[in-house]
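1. give me a model of this one.
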Amino acid sequence: QPILELIEKLRAAVGKPKKVFEPKKLDSAIAKRVSELVDAKIVESSLIKEKHKRYAGYKAAKDLMVSTLTAELGAEKFAESEKLIKGEFDERKYEVVRDYMLREKKRIDGRDGKTVRNIMIEASILPRVHGSALFQRGETQAIVTTTLGTSSDEQKIDALTGERWKRFLLHYNFPPFSTGETKPMRGPGRREIGHGALAERALVRLIPEQEKFPYTIRVVSETLESNGSSSMASVCGGSLSLMDAGVPIKAPCAGIAMGLVTDGPVDKSETRYMILSDILGDEDHLGDMDFKVCGTANGITAIQMDIKIAGLNRAILSEALTQAKEGRLHILGKMNEVLAQTRPDLSQYAPRITTLKVKPDQIRIIIGPGGKTIKGIVDQTGVAIDVEDDGTVNVASSDSDAVKKAIDIIKGLTAEPEVGATYK
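-> Prediction:
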């Protein structure tokens, strides 16, 4: 690029020699002693299935290492290298766990590469909301709700490309208690917004067209517990809550997070690798890939990949997608056992939208001067009324009698005299 070429010319002309940085290294004898003290303990702890007990095992191994080396080296010498020694523990954890997985073909919690954690699902868990579902996979749990509204509830997006309106919204929340932490409850960060955007992309393609289902739809995912793949729990729970709300989605949708562990460049034949289905938080942290795949039984609706190595070859990517499909179909099977089809009726608390057509030049009659007429209808009946520019009138309320009353008033305002008809 020209700008980079210019920078290089300036550096060559007036730049100073680059300072060479040499990171501090731990003495090889101490590093060897760390390995002797912790390697077996790390493997032993990594096989504990429960997250917090596993972390307690890691902490016990680290504490033992610190106390032993303090006694062997002396407090003063240990203090000089304390940061490097503790960093070496983390390095050993990274190396030992990955080597164990590649050697034994077993994962942190004892699963093989393809096994998905136990799944527990409940639909209609919150009776007052329009649709709800609880989805739990291992130690990751989310409760997802769906709320139906009218076109007046659409979100206005004022973007660089112009204004647009959004009728399907998905919000993802990740409170600190979901990972056993205590933090201030503030607005969503970049992570939460990104996870919500991925889940929204996965589900928005399955939402019916506005002509067939004239509702604004808001899905909210509350992560109650997290140990990997909480965004995929949002996709699964979101699909179930939409179906529970009576939204006629095109097909159920599930998501799964795929991982990868390698011990070298993927383009070399001697490199060992293991593809992981439904990864844990530790497998995301210690692994080389977080590949989220969402879709129905027939195809993919959204993907997202975070990768820490230089790249993937076609064979590994193909294998990962095939394995993701197997996992996705397994999860969809579990979901279908609880709720296989969209509920035939909306919740009794959801607004019923009735649509009627008037001539565009009659819109002014319904609205009235300064909105006086339409406000009067709303005050009399308690319904919500949306009028489109093409003469489409949407009347919404959970009270069918109120909807009928409002429609009768609108028809009375817009009726045109017909020959032979009797009027009172």
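
2. got the buried residues for the helix or strand where residue 87 lies?
-> Counting by DSSP states H and E, the element that carries residue 87 is helix 75-104. Under the neighbour-count criterion of 16 or more other Cβ atoms under 10 Å, helix 75-104 has 78, 81, 84-85, 88-89, 92-93, 96-98, 100-102 buried. Every residue, glycine included, has its C-beta placed from N, CA and C.

3. run the chain-centre distance for that helix.
-> Its chain's C-alpha centre lies 32 Å from the corresponding centre of helix 75-104 when counted by Cα atoms, centre = their mean, to the nearest Å.

4. ok, back up a step: could you provide the buried residues of helix 75-104 in TSV, with additional columns for distance to residue 264?
-> Formatted as TSV, those follow (distance: Cβ to Cβ, whole Å):
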residue	distance to residue 264
78	34
81	30
84	26
85	27
88	22
89	24
92	19
93	19
96	17
97	17
98	11
100	17
101	14
102	10
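
5. nearest to residue 2 among those residues?
-> residue 98 (42.2 Å; Cβ to Cβ).

6. now the closest one, nearest residue through space, not along the chain?
-> residue 261 (5.3 Å; Cβ to Cβ, 6 or more residues apart in numbering).

7. so who does that neighbour touch?
-> Residue 261 is in contact with 98, 101-102, 273-274, 276, 283, 286-288, counting by Cβ atoms under 8 Å, 6 or more residues apart in numbering.

8. tabulate those residues in a markdown table, adding columns for pLDDT and distance to residue 45.
-> Formatted as a markdown table, these follow (pLDDT from 0 to 100; distance: Cβ to Cβ, whole Å):
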| residue | pLDDT | distance to residue 45 |
| --- | --- | --- |
| 98 | 94 | 15 |
| 101 | 94 | 14 |
| 102 | 94 | 18 |
| 273 | 95 | 24 |
| 274 | 96 | 20 |
| 276 | 96 | 19 |
| 283 | 92 | 15 |
| 286 | 92 | 13 |
| 287 | 93 | 17 |
| 288 | 95 | 22 |
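
9. what ranges does the stretch 251-400 of the chain have for its strands?
-> Remark: strands assigned in the stretch 251-400 of the chain by DSSP state E, counting those that start in this stretch are 254-262, 273-277, 289-295, 300-307, 352-357, 384-387, 392-397.

10. quick one: stretch 173-182 to chain centroid distance?
-> That offset, for stretch 173-182, works out to 15 Å (Cα atoms, centre = their mean).

11. about what we covered before: mind putting the contacts of residue 261 in TSV, distance to residue 195 included?
-> TSV is the format used below for the contacts of residue 261 (distance: Cβ to Cβ, whole Å):
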residue	distance to residue 195
98	26
101	26
102	29
273	27
274	25
276	19
283	17
286	20
287	18
288	20
